[in-house]
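Peer 1: Sequence first, then the predicted structure, then my questions.
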Amino acid sequence: MILPMTKVQVIGDKRHLYPTITLLHDLGVVHLEDAHGDAISASPSDADRDLTTRMTLDSVGEEKKRISDEQLLRLNAVLSGLPRPEDDAHSSERDRLYADISKSDFSAAVETSSGVLDEIETKARTLANERSNLTKELASAEKYEAILEQFHPLLAESAPIQGYETIALLIDRRHEELVALLESEVAEVTGNRSYVTSADIGEDSTAAIIMFASDAAEAVRRLLWEEKVNEVRLPESIAETPFEQALSELHVRKQKIPYQLEEVEKQLDELGSEWWPRVRAVRDVLLDHSEELKRIGQFGETDYTFVVRGWIPDRELDELQKLLAKHFNGEVMTETLEVKELDIDNVPVALENGSFFKPYEFLLSSFNLPRYGAIDPTIMLGVFFLLFFGLIVGDAGYGIIILGASLYLRRRFKEIEIAQMASGIFMWAGVSTIIFGIIYGEFFGDLLLRLHLIPHFELFGLGLPLERTELIMPILIVTAAIGAIHLLFGLVMGVVMGLRFKAYKHLAERAGMLLALIAGALLILTTVLGWPPFLMTIGWVVLALGLAALAYSGGPVMLIMHVIDLIRNVASYTRLMALGLAGAFLANVANELAGMTSIAILGGLIALSLHTLNLVIAVFSPALHSLRLNFLEFFSTFYESGGREYKPFQRSEKVEST
């Protein structure tokens, strides 16, 4: 559901500004808005009261901001180089240290930060730079090794001569005539004390080696510069090495660097294990102080008072009022402001649907949050996503793998929000897949059916398993019926939205489509099942009412388009059958091909390959199509987007756990 919000204003004596900011930060539930430029009170009788101006930092605040920015810059640099320990113990240690340090004032927090930086900053920076340099050197060695190996045959022909230097060139094949030109010009500037050899390498390049007298080096390099020819320069680590020895030197460096990197990584891991919790804790505390200073720019002020304005969930308002009364004895007060019609689009949206549906809130927010006052579709999104996913995949073997992989990812990547959300969705999608796999009798396709390991039984009068590859038409009808029911829910909510926002054209459109859908279902069922004729008459009357409502909402042309859209949307749900059957047939083919092979190992590899391919498809394609049916077909019937995300002013401790 969408949490009800109250617009609130906090007014107090400026002497209590910083304690009030700290209290609001600790409470962590107020979504702050700009409070300057408006009258202190929204009451018409107080319209003549002073207008607030934007609050700015005083000299003390500016100095605090400068210090916190400087400390945060250094702490973040240290954190970027420290590996984060993955075990829970270090995260718990960070939380404990954060709780301890956050109890102190700004000066004490800065003192703690300075002490930490004095202990670790230089060592962490040195090791991080060493790791970076070694990584770059290794990449450079691999790059230049490949280049020098191309020159190796030419270098073998050009034995080193005392008093001579070597330059390597790589020339585009389109300009290979440049080699002959360079040979004559180099001979001229060196007094015929030079030697040039070349060979084509690859399809596009020509390699050339120039040997020349050392005392003519400046003249030769000037010539190359004038001709705009770039020599192959060696990496810095072996820049002084003779060119003909460079390749062997690179081989040696390539062998040594990984061992050096391993040692540096080991030292960084030890440093991170010891220091990451403390550095992260003090960084987060200073981040909180910095955030408090930045927020002051959103506050309003008069000569003697400060004004804070924002939004708070209704259920938290009483707690805020009690805390302010307790700490400031009436010198800082709250006032609830009227939420006008123009304010509706600015009310922040907070979703709350329980931990089970939390991942679907994440999905919904990535799509677009609902407008405040609209219907929150999170629960229906979750229910129908799981239904559609299980209906499509419907294989217990695949479901077990999806469930197991999700549980592993959930445990392995505890600190990565998107991994937790994705695993939370696919974990239950795996359960849904297992349930439908039992209904269909599928375990890696028809493997258990082939082995006669699945008994036939009845459940609520329904014979199971339902072999969907043999029941194409019934499943087609069922998926179309599921689509109609899904759209029915959406259209009912669309009617509610039209009433709620007094959008009568929208109301007529959704009501018309709803009546047309009900009439269509009634007419089809009466015809197919032989229901009493009077139901047919009711169906035609309902259809006429629905078409009349559609015509009212958009005219004859839109009426036709809405009817076509409705039929098309219902038909879209048949993809549940098509995708499910495609996966089932591919799994069965894998088993069939494995059974046809006389060599057991070969048959197993064939089956494993095809089932792996099918499983990959079964993870992505059903998920995408399930989301598509929800976000496009379903949401188009009622969804009002455009909500602003609720971002309460809260400490890093709460942000970390959100």
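Peer 2: Arrived safely.

Peer 1: how about the helix or strand hosting residue 184: buried residues?
Peer 2: Assigned by DSSP states H and E, residue 184 belongs to helix 177-190. For helix 177-190, burial by neighbour count (16 or more other C-beta atoms under 10 Å) applies to 178, 179, 182, 183, 185, 186, 190. To be clear about C-beta, it is placed using only N, CA and C from the backbone, and glycine gets the same treatment.

Peer 1: same question, stretch 625-635
Peer 2: Residues 625, 626, 627, 629, 630, 631, 633, 634, 635 are the ones in stretch 625-635 that count as buried (16+ other C-beta under 10 Å).

Peer 1: Tabulate those residues (CSV), appending distance to residue 212, pLDDT and secondary structure.
Peer 2: As requested, the buried residues of stretch 625-635 are exported to CSV (distance: C-beta to C-beta, whole Å; pLDDT from 0 to 100; DSSP: H, G, I helix; E, B strand; the rest coil):
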residue, distance to residue 212, pLDDT, secondary structure
625, 68, 91, helix
626, 71, 92, helix
627, 67, 92, helix
629, 73, 92, helix
630, 73, 92, helix
631, 69, 91, helix
633, 75, 91, helix
634, 77, 91, helix
635, 74, 90, helix
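
Peer 1: Can I get those in a markdown table including distance to residue 513?
Peer 2: Output for the buried residues of stretch 625-635, formatted as a markdown table (distance: C-beta to C-beta, whole Å):
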| residue | distance to residue 513 |
| --- | --- |
| 625 | 23 |
| 626 | 22 |
| 627 | 22 |
| 629 | 17 |
| 630 | 18 |
| 631 | 18 |
| 633 | 12 |
| 634 | 13 |
| 635 | 14 |
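
Peer 1: between those, which is nearest residue 129?
Peer 2: Of all these, residue 627 has the smallest distance to residue 129: 44.8 Å, by C-beta to C-beta.

Peer 1: Spatially, what comes nearest to that closest one if we skip its sequence neighbours?
Peer 2: When the adjacent residues along the chain are set aside, residue 627 lies closest to residue 385, with 6.9 Å between them (C-beta to C-beta, 6 or more residues apart in numbering).

Peer 1: Next: residue 542.
Peer 2: Sequence neighbours aside, residue 519 is the residue nearest to residue 542 in space, at 4.0 Å (criterion: C-beta to C-beta, 6+ apart).

Peer 1: Read off the pLDDT value for the one you found.
Peer 2: pLDDT, residue 519: 92.

Peer 1: name the element it belongs to?
Peer 2: Residue 519 belongs to helix 504-529, assigned by DSSP H and E.

Peer 1: Tell me which helix or strand comes right after that helix.
Peer 2: Next in line after helix 504-529, if elements are assigned by DSSP H and E, sits helix 533-572.

Peer 1: hmm, back to that, quick check: buried residues in the helix holding residue 519?
Peer 2: 506-523, 526.

Peer 1: That helix vs helix 533-572, what angle?
Peer 2: Interaxial angle of helix 504-529 relative to helix 533-572 (axes from the mean of the first three to the mean of the last three C-alpha atoms, to 10 degrees): 110 degrees.

Peer 1: what's the distance between the helix or strand residue 209 falls within and the middle of its chain?
Peer 2: Here residue 209 sits within strand 205-213, counting by DSSP H and E. The chain centre lies 51 Å from the centre of strand 205-213; the measure is C-alpha atoms, centre = their mean, to the nearest Å.
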